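> Predicted model and sequence follow; I will ask about them next.
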Amino acid sequence: MRITLTALLLLGLGSANVHADNQRPSTVTNVQASTVSSSAIRINWSQPWDDVGVDGYNIYRNGSYYKTVFNTTNYIDEGVSANSSYEYSLVAFDRARNYSSQSSSSAASTGGSSSSSDSSFSAQPAAQARDGSPGAPSGLRAQGEGSDKIHLYWTAPSGTVTGYNIYRDGGYYSTIKGRTDYTASSLSSGRDYRWQVVAFNGSQYSTKSSEVVARTDSSSSSNAVAVVAAAAPPPQQTSVSGHVPSGYHQVFNEEFQSSSLNGSKWQSRYRWGPHWTINNEQQFYVDNINDPNFGHSPFEFDGENMTITATRTPDHLRSKANNKDYLSGTLTTYGKFKMRYGYVEMRARMPKGKGLWPAFWLLHNQENDKRPEIDVVEMLGDTSNKVYQTYHYFENWNLRSTPSYEYWGSDFSQDFHTFGMKWEPGRITWYVDGNATNSHSSGNVASEEMYLLVNLAVGGSWPGNPDGSTSFPARFTIDYIRAYSPD
């Protein structure tokens with residue numbers, strides 16, 4: 001998410017303000033995978049909308065980036081094996097490399113069967129339990145997200161489960177693997193939808209879960225038995241210590257127990273300077289370490305925690321703040337600390353409010369052709385019970401990104417939570433409150449030195465700008481930031 005305009009910087013655009021196309025394409029729809037032969041699968045889709053036109057598509061296969069195609073709405077995958085199943089989804093991008101959300105998935109088997117999220121698909125998977133089948137998923141919950149999306153999440157049954165079939169209004173809707181939540185998109189506004197989930201292991205299927213009902217106008221409900229469960233995400237326990245993997249030792253720590261920033265550990269500006277605006281953000285990051293007489297500090301200390309505050313820019317500081325509407329802060333360890341593989345963790349209480357965008361992330365220490373970025377955690381302040389975890393990198397000078405993995409929990413602005421990330425050769429695992437939430441495995445996982453960043457952005461292409469509901473000063477309170485290396 002952040003790397004898009006950072007990439008423009010690295011390509012040598014040197015003005016103080018970036019004027020760029022910030023409109024993301026709409027989500028790709030009507031993705032359909034179908035078997036061509038024992039060695040080929042065809043993927044078709046509908047072209048999404050974009051204000052300047054779609055330039056190409058990143059194809060994901062079985063959850064990982066697979067291929068980029070241009071000027072087409074179909075692709076034949078000839079890199080498949082016989083008698084195997086493959087699941088595909090797509091991300092559209094335009095010439096400015098604005099990226100859409102990831103599409104719903106569609107699966108096909110080189111053995112001759114196929115399935116997709118298209119409700120017109122007729123060959124529906126089995127829904128009834130058989131001997132030896134897994135138990136039914138439990139605790140199914142559903143919540144509307146705006147006018148056209150509904151998010152589902154459930155608890156996995158005991159035993160081995162290889163995936164889940166999702167049913168909408170009594171009919172088969174989609175199949176997913178490797179997770180216990182799903183976002184249904186491109187739904188009709190103001191309508192109730194009924195949902196059930198079936199677990200499967202190979203050819204063995206569970207019975208259907210209990211049914212829940214959710215509405216696309218952001219409210220949600222369920223049957224009389226489970227109204228509360230359907231209306232809110234599952235409760236989450238706060239963790240003080242988080243999750244430090246065994247076999248790791250601490251190599252960096254900041255407990256924020258002093259009364260000022262430690263200049264031996266931190267820079268209070270991005271490495272490209274304070275006047276470069278990325279992501280169309282609306283804040284100016286005050287560089288208190290290098291400019292202590294700026295006239296305002298966004299960093300507050302209480303002896304136990306450090307708080308990054310975001311405030312409206314006073315008129316007398318507007319010219320010094322690059323004419324930005326808000327003042328905020330960032331900290332980075334560029335030139336102070338870097339690491340290659342390990343585990344990082346932050347314990348923090350997030351800010352709440354539309355247009356607020358707190359983040360804890362790692363960025364490449366040296367310029368090269370891959371320029372990786374690992375987003376340990378990002379949150380949009382108007383949805384304070386959901387965080388995002390993402391990996392970005394470049395390949396052949398084109399930006400690649402994993403899906404923005406979502407994790408739903410309790411309100412992250414109400415108490416402290418730990419956010420961690422374990423980085424190993426070929427694999428990234430994300431954590432919230434000591435529990436693994438998402439992972440990504442690929443030969444493209446970063447293998448170079450990276451440094452730490454934490455910041456509170458205001459406005460921008462992704463979160464949108466604050467409105468009358470946003471309270472200032474906004475506060476992003478951090479208890480500690482720690483890093484560990486393998487023994």
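Happy to help now that I have it.
> helices and strands of the chain: which one has the lowest mean pLDDT?
Least confident element among the helices and strands of the chain, by mean pLDDT, DSSP states H and E: helix 227-231 (a mean of 30).
> what packs against the next helix-or-strand element following it?
Going down the chain from helix 227-231, the next helix or strand is strand 248-254, by DSSP states H and E. The contact analysis (3 or more CB pairs under 8 Å, 6 or more residues apart in numbering; DSSP states H and E) places strand 248-254 against strand 342-349, strand 474-486. The C-beta positions use only the backbone N, C-alpha and C, and glycine is treated the same way.
> For those strands, give me TSV that also has mean pLDDT and mean neighbour count.
TSV is the format used below for those (pLDDT from 0 to 100; neighbours: other CB atoms under 10 Å):
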stretch	mean pLDDT	mean neighbour count
strand 342-349	97	23
strand 474-486	96	21
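> nearest to Pro314, of those?
strand 474-486 (15.9 Å; CB to CB).
> Just want the angle from that closest one to strand 342-349.
With axes from the mean of the first three to the mean of the last three CA atoms, to 10 degrees as the basis, strand 474-486 and strand 342-349 are set at 160 degrees to each other.
> hey, C-alpha coordinates of strand 474-486 in CSV?
The C-alpha trace of strand 474-486 is given here as CSV (Å, rounded to 0.1, in the frame of the first residue of the first chain):
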residue,chain,number,x,y,z
ALA,A,474,-5.5,11.6,17.4
ARG,A,475,-3.3,9.4,19.5
PHE,A,476,-1.2,6.3,18.5
THR,A,477,0.2,5.1,21.8
ILE,A,478,3.2,2.7,21.7
ASP,A,479,4.4,0.7,24.7
TYR,A,480,7.4,-0.9,23.1
ILE,A,481,9.1,-1.9,19.8
ARG,A,482,11.4,-4.9,19.8
ALA,A,483,13.4,-6.9,17.3
TYR,A,484,14.9,-10.4,17.6
SER,A,485,17.4,-12.4,15.5
PRO,A,486,17.7,-16.2,15.2
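> can you give me the angle that strand makes with strand 248-254?
Relative orientation of strand 474-486 versus strand 248-254 (the same axes, to 10 degrees): 150 degrees.
> Show the contacting residues for Ile43.
Contacts for Ile43 (CB atoms under 8 Å, 6 or more residues apart in numbering) come out as 31-33, 59, 74-77, 88, 90, 106.
> Show the backbone phi and psi for it.
Dihedral angles of Ile43 (phi, psi; degrees, to the nearest 10) stand at phi -120, psi 130.
> In the stretch 201-350 of the chain, where is pLDDT below threshold?
Scanning the stretch 201-350 of the chain for pLDDT under 70 picks out 203, 217-242.
> Can you tell me which of the contacts of Ile43 is nearest Asn322?
Ranked by distance to Asn322 (CB to CB), those are led by Leu90 at 37.4 Å.
> Please identify which helix or strand holds that closest one.
strand 85-94.
> next SSE after that strand?
Later in the chain than strand 85-94, the nearest helix or strand by DSSP H and E is strand 106-109.
> domain parsing for the protein?
Following automatic domain parsing, one finds the domains of the chain at 3-116, 138-231, 248-486.
> Packing partners of the strand holding Leu90?
When contacts are defined as 3+ CB pairs under 8 Å, 6+ apart, strand 85-94 sits against strand 29-37, strand 40-46, strand 54-61, strand 106-109.
> That strand - what's its average pLDDT?
What strand 85-94 shows for mean pLDDT is 89.
> Report the inter-axis angle for that strand versus strand 54-61.
160 degrees.
> Could you tell me the angle between strand 85-94 and strand 40-46?
40 degrees.
> Please write out the alpha-carbon positions of strand 85-94 in CSV.
Extracted C-alpha coordinates of strand 85-94, given in CSV (Å, rounded to 0.1, in the frame of the first residue of the first chain):
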residue,chain,number,x,y,z
SER,A,85,-6.7,-28.6,-8.3
TYR,A,86,-5.8,-24.9,-8.7
GLU,A,87,-7.5,-21.8,-7.4
TYR,A,88,-7.2,-18.4,-9.1
SER,A,89,-7.9,-14.8,-8.2
LEU,A,90,-6.8,-11.5,-9.8
VAL,A,91,-5.7,-7.9,-9.0
ALA,A,92,-6.1,-5.2,-11.6
PHE,A,93,-3.7,-2.3,-11.9
ASP,A,94,-3.5,0.9,-14.0
